[in-house]
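1. I'll drop the sequence and a predicted model, then ask my questions.
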Amino acid sequence: TTEDKVLKAGETYNLAFSTEQLNTIQGYQFTLGYENLKLEKLQSGVAGVENFGLHKMDEGMITTSWNQPVSSQPTTDDSQPTTTLFNIKFTALRDGQLSEQLNILNRPTAIEAYNEAGDLMDVQLTFTTPLSEDKFELFQNQPNPFHDKTVIGFNLPGDSEVQLVLRDETGRVLRTIKQDGTTGYNTIQLEIGDLTTGFIYYQLSTKFGTQAKKMVQLK
């Protein structure tokens, strides 16, 4: 998890990547991809600098692999604190939303985590956003990219009927969903089913305005 931000070109941002599940995992690995961002500094948390591969840093990706120390085994304790895994300082090369420029990739290091029993676990990057109840805002779906299910969040300054329209890359309407929204944070649970894979554009219309974003469905 990291906090979503509105980025301004030329400004530098310190991002903390954390988890609430450290006590239950034995290890993880993945590739962190970024667009329109320049990596300035990598700082240790639970994972040290030695847990990262930086040879593709200039291509917009870094790899990471981490394992629990032998003396510190995972537990099944449900009351787990938030733990910072690592910190990265980025400079924005273009204006934009962080959640649209940062994602987890399956290459060159595959996405994988596992518990003490060796069972495979999923790895997802989630963005938290400070909410302002006097503002209409559509958020990036989570997780993204995704396989079969994802959640679209949005904030409303008041009650409103909302309409979500999904389109493919050609603009063809794939699905339309209507529901009643209430003041504050709302979500739409989306099961893709037989929809197309690849880029899907989603547009949310309310009485407070219309906003749109894109998401990626994997095969």
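-> That came in fine, so what should we check first? Just so we're clear, the structure is a prediction, and the values are computed from it rather than from any experiment.

2. Would you tell me what the next helix or strand after the helix or strand containing residue 188 is?
-> For residue 188, the host element (DSSP states H and E) is strand 184-191. Where DSSP H and E defines the elements, the next helix or strand beyond strand 184-191 is strand 198-206.

3. picking that back up, between strand 198-206 and the strand holding residue 188, find me the angle.
-> Counting by axes from the mean of the first three to the mean of the last three Cα atoms, to 10 degrees, strand 184-191 lies at 140 degrees to strand 198-206.

4. Let me see the mean pLDDT of strand 184-191.
-> Strand 184-191 shows an average pLDDT of 87 in the prediction.

5. Now tell me what touches that strand from outside.
-> Residues from elsewhere that reach strand 184-191, judged by Cβ atoms under 8 Å, 6 or more residues apart in numbering: 131, 133, 141, 148-156, 162, 164, 177, 179. C-beta here means a position set from N, CA and C on the backbone, and glycine is covered the same way.

6. For PyMOL, write the select line for the buried members of those.
-> Of the contacts of strand 184-191, the buried ones go into a single PyMOL selection, burial set by 16 or more other Cβ atoms under 10 Å:
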select buried, resi 141+150+152+153+154+155+156+162+164
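
7. From the contacts of strand 184-191, which land in strands?
-> 149, 150, 151, 152, 153, 154, 155, 156, 162, 164, 177, 179 (DSSP state E).

8. Identify the farthest-apart pair in the residues you listed.
-> Comparing all pairs in those by Cβ to Cβ, the longest separation belongs to 149 and 156, at 22.9 Å.

9. Local confidence estimate at residue 198?
-> On the pLDDT scale, residue 198 gets 85.

10. Same question for residue 139.
-> 88.

11. Looking at the ones in strands among the contacts of strand 184-191, spot the one nearest residue 196.
-> Nearest to residue 196 among those: residue 150, at 14.3 Å, using Cβ to Cβ.

12. what's near enough to touch the closest one?
-> Residue 150 neighbours (Cβ under 8 Å, 6+ apart): 141, 142, 143, 144, 190, 192, 215.

13. go on, residue 25?
-> 19, 68, 74, 113, 114, 115, 121.

14. Please repeat the previous calculation with a cut-off of 10 Å.
-> Applying Cβ atoms under 10 Å, 6 or more residues apart in numbering to residue 25 gives the contacts 19, 66, 67, 68, 74, 113, 114, 115, 116, 121, 123.

15. now the strand holding residue 188: how far from the chain's centre is it?
-> Offset of strand 184-191 from its chain centre (Cα atoms, centre = their mean, to the nearest Å): 15 Å.

16. For that strand, buried residues please.
-> 186, 188, 190.

17. returning to what we had before: need the max-distance pair from the contacts of residue 150.
-> For these, and using Cβ to Cβ, no pair is farther apart than 142 and 192, which are 14.2 Å apart.

18. ok so, going back, quick one, the strand holding residue 188 and strand 149-156 angle?
-> Calculated by the same axes, to 10 degrees, strand 184-191 forms an angle of 160 degrees with strand 149-156.

19. Any chance of the buried residues of strand 184-191 in a markdown table with distance to residue 34 as columns?
-> Formatted as a markdown table, the entries for these read as follows, by distance: Cβ to Cβ, whole Å:
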| residue | distance to residue 34 |
| --- | --- |
| 186 | 29 |
| 188 | 27 |
| 190 | 25 |
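
20. All good on my end, thank you.
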